[in-house]
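Visitor: just the structure for this:
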Amino acid sequence: MNICVIPARGGSKRIPRKNINFFLGKPIIAYSIEEAIKSKLFDKVIVSTDDEEIAKVAREYGAETPFVRPKEISDDFTGTSDVVKHAINWLIGKGIVYEYVCCIYATAPFLQEKYLKQGFKALEKNKVSFSFSVTSFAFPIQRAIKIKDDRVSMFYPENFTARSQDLEEAYHDAGQFYWGKAQAFLDDEMIFSDKSIPVVLPRYLVQDIDTLEDWHKAELMYKVQNQ
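Guide: The predicted structure is shown next:
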């Protein structure tokens, strides 16, 4: 049995009411809920929230909100794993046990069911604890620079003359979904480790949405891909 947990607290600051803010005509959380349901991978799609308005929107788009997320895990400092663990333990308390859990972020309008399915298959067939979405950096991180007092320096000066094609490709968390064994979440296993399998997404399907500038960029990207 599989469960999907979508964290969506009400206290976003940089983009007020971010999780239910309208993204091209509907609340952004609706994209995550609808894609999760469409995939038919889950017995339940649960939104973990401390906010009744978010809960109402989540239910309108087909998710369940069986509990109110406690205040102690609804602040700026609570990690995603703590939210997922709370949901798993709440269900266990009701006598409901799931083997696999997928955490999907509420602000992931580029989420596609084929990658969700790929992640689940990778987790199910291999002796690993997690699988999650990643994408490649557009520029070699080995040639990154830093700025201090209006001056620049390289993080890795030894790579100043290196050709980009000669440097190892680097990847980062795509911030869409995290499949895991329920017990791995409960045991606080490290997600970014050799116990995880990456699901590589093309860069055009990845956009962090932390600021209004990010939001507008994501809308433009989505329009181009879905026109």
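Visitor: give me the number of residues near residue 109?
Guide: If you count neighbours by other C-beta atoms under 10 Å, residue 109 ends up with 23. Using the backbone N, CA and C atoms, a C-beta is placed for each residue, glycine as well.
Visitor: next up, the contacts around the residue most central in space within the chain.
Guide: Taking C-alpha atoms, centre = their mean, the centroid of the chain lies closest to residue 176, which sits 3.1 Å from it. Neighbouring residues of residue 176 by C-beta atoms under 8 Å, 6 or more residues apart in numbering: 104, 105, 108, 110, 111, 115, 133, 201, 206.
Visitor: between those, which is nearest residue 190?
Guide: Closest approach between the contacts of residue 176 and residue 190, by C-beta to C-beta: residue 133, at 16.8 Å.
Visitor: and the residue nearest to the closest one when sequence neighbours are not counted, how far from residue 119?
Guide: Leaving aside its chain neighbours, residue 133 sits nearest to residue 174 (3.8 Å; criterion: C-beta to C-beta, 6 or more residues apart in numbering). Residue 174 sits 11 Å away from residue 119, going by C-beta to C-beta, to the nearest Å.
Visitor: any common contacting residues for these two?
Guide: Common contact partners of residue 174 and residue 119 (C-beta under 8 Å, 6+ apart): 132, 133.
Visitor: what residues of the strand or helix carrying residue 217 count as buried?
Guide: If you go by DSSP states H and E, residue 217 is part of helix 212-225. Of the residues in helix 212-225, 215, 218, 219, 221, 222 count as buried by neighbour count, 16 or more other C-beta atoms under 10 Å.
Visitor: ok, residue 113 - contacts?
Guide: The neighbours of residue 113, taking C-beta under 8 Å, 6+ apart as the test, are 35, 38, 39, 41.
Visitor: helices - which of these land there?
Guide: If you go by DSSP state H, the contacts of residue 113 have 35, 38, 39 in helices.
Visitor: ok, those residues vs residue 53, which is closest?
Guide: residue 35 (21.7 Å).
Visitor: my guess is the closest one contacts residue 110. True?
Guide: No. Contact criterion C-beta atoms under 8 Å: residue 35 and residue 110 do not qualify, at 9.5 Å.
Visitor: check the gap between residue 103 and residue 183 for me.
Guide: 15 Å.
Visitor: who has more neighbours, those two?
Guide: residue 103 (24 against 12).
Visitor: if I pick that one, what's in contact with it?
Guide: When contacts are counted by C-beta under 8 Å, 6+ apart, residue 103 touches 4, 5, 6, 7, 80, 83, 84, 177, 178, 180.
Visitor: quickly note the distance from the closest residue to the third one other than its chain neighbours to residue 77.
Guide: The shortest distance from residue 6 to any residue that is not its chain neighbour, by C-beta to C-beta, 6+ apart, is 4.7 Å, and that residue is residue 47. As judged by C-beta to C-beta, residue 47 and residue 77 stand 21 Å apart.
Visitor: which of those two has more neighbours?
Guide: For the pair residue 47 and residue 77, the greater number of neighbours falls to residue 47 (28 against 6), based on other C-beta under 10 Å.
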